[in-house]
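[1] Structure for this input, please:
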Amino acid sequence: MKMTLSNEILKEKAGSIFAISPSFEVSNKYAFIPTIEVVDMFRDNNWYPVEAKESFVRLSKNKGYQKHLIRFRHISDFLSNQDESIEIVLTNSHNRSSSFIIQVGVFRFICANGLVVANNLFEKISIRHIGFKESEVKKAIETIVASIDKINERINLYKQIELSKDEQISLARASKIIRFKPYQQVDIEDLLKPHRKEDEDNDLWRVFNRIQENVIRGGIRGKNIFTDRKFTSKLVKSIDNIISINEKLFDVTDKFASIKLSA
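    Reported below is the predicted structural model:
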């Protein structure tokens, strides 16, 4: 069971969370709010950090100010027996590369998959650094809490939709183009491969999670159809790519569910 992260661990994982000033490149209108202050706001509302990371930077001027991501879980879910937990995903930076962006995530305990909910299910909340107000953070948290039942209902719906083999392949093909280029040939069956017995069922939720895990964690072997050069996909590390790929995978899955339900 993943437990809450202390400030010491947060600093080890993403030191930019603790920046005490913005990058010198920001304008005078920029309202600097240290991310750690927002973390404390979340803690005050019983949401605790469970994961943190920051972007790799090549330029020294961006070190300590770069984009960072923190996932929060409500205190009630730490001792929960549920298969998954709704999380809050916060991204921010102190060099103008990102405003405070708050999204909904889903954490699946069986495989430690951290998903990001598609915008059509929960539209991300962006809080600009200009005119920043603490009340906006509290309002965002309240909005997410109000959406939890709706998102859980949608996930339960996915669990009730059984997919035929052809439907699984169709979903995997639609997901393949999210991560791979048209000229990168991969075996669709590799995207559908389960890594544990609990994921062998063929409902939409499990198939989606199998695909997501294989796409994000890498290890998929393929070939460039133009050069005939073989490759093995790598773990997705970029914060932007992690969020973008997860959102798109969730969106494809939700559209797939809608098609199945309307048939």
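[2] Now do the helices in this protein.
    Remark: helices assigned in the chain by DSSP state H are 7-13, 35-44, 134-160, 165-179, 188-191, 204-217, 239-262.
[3] Just the buried residues of the shortest one, please?
    Along helix 188-191, the positions that meet the burial threshold by neighbour count (16 or more other C-beta atoms under 10 Å) are Leu191. Using the backbone N, CA and C atoms, a C-beta is placed for each residue, glycine as well.
[4] For it, name the packing helices and strands.
    For helix 188-191, the packing partners by 3 or more C-beta pairs under 8 Å, 6 or more residues apart in numbering; DSSP states H and E come out as helix 165-179, helix 204-217.
[5] gap between the shortest one and the chain center?
    Relative to its chain's centre, helix 204-217 lies at 13 Å (C-alpha atoms, centre = their mean, to the nearest Å).
[6] Kindly report the same for the first one.
    Its chain's C-alpha centre lies 20 Å from the corresponding centre of helix 165-179 when counted by C-alpha atoms, centre = their mean.
[7] Pull out the buried residues from that helix.
    Buried residues in helix 165-179, defined by neighbour count with 16+ other C-beta under 10 Å: 167-168, 171-172, 174-176, 178-179.
[8] per-domain residue ranges of the protein.
    With domains defined by automatic domain parsing, the chain comprises 7-148, 161-262.
[9] In TSV, list the ones you listed along with distance to Ile155.
    Putting those into TSV (distance: least, C-beta to C-beta, whole Å) gives the following:
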stretch	distance to Ile155
domain 7-148	7
domain 161-262	6
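[10] what stretches of this structure score poorly on pLDDT?
    Confidence mapping of the chain against pLDDT under 70 gives the ranges 1-2, 30, 131, 263.
[11] So for it, which residue is the most central one in space?
    Val116 (3.6 Å; C-alpha atoms, centre = their mean).
[12] What distance do you get for that residue to Asn92?
    Distance, Val116 to Asn92, by C-beta to C-beta, to the nearest Å: 15 Å.
[13] The residue nearest to Thr143 when sequence neighbours are not counted: neighbouring residues, count only.
    Excluding its sequence neighbours, the residue lying closest to Thr143 (C-beta to C-beta, 6 or more residues apart in numbering) is Ile125, at 6.7 Å. Other residues within reach of Ile125, judged by other C-beta atoms under 10 Å, total 20.
[14] so who does Ile125 touch?
    Shown in contact with Ile125 (C-beta atoms under 8 Å, 6 or more residues apart in numbering): 101-103, 140, 143.
[15] Return the member of the residues you listed nearest to Lys150.
    Closest approach to Lys150 among these (C-beta to C-beta): Thr143, at 11.4 Å.
[16] what's around that closest one, how many residues?
    Counted with other C-beta under 10 Å, the neighbours of Thr143 add up to 14.
[17] now Asn120
    12.
[18] Going forward, count from 59.
    Sure, I'll start numbering at 59, so the last one becomes Asn178.
[19] Quick check: Gly276 vs Val174, distance?
    Using C-beta to C-beta, we find Gly276 at a distance of 18 Å from Val174.
[20] related to what we said a few turns ago, now the contacts of Ile183 in CSV, with distance to Asp98?
    Shown next, in CSV, are those (distance: C-beta to C-beta, whole Å):
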residue, distance to Asp98
Ile159, 18
Ile160, 15
Gln161, 20
Ala198, 15
Thr201, 20
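[21] For ChimeraX, what selects the buried ones among those residues?
    To isolate the buried ones among these in ChimeraX, judged by 16+ other C-beta under 10 Å, type:
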select :159,160,161,198
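[22] which one of the contacts of Ile183 is nearest Lys125?
    Closest to Lys125 out of those is Ile159 (9.7 Å), distances taken as C-beta to C-beta.
[23] I'd say that closest one and Thr149 touch.
    Yes. With contact defined as C-beta atoms under 8 Å, Ile159 and Thr149 form a contacting pair (4.7 Å).
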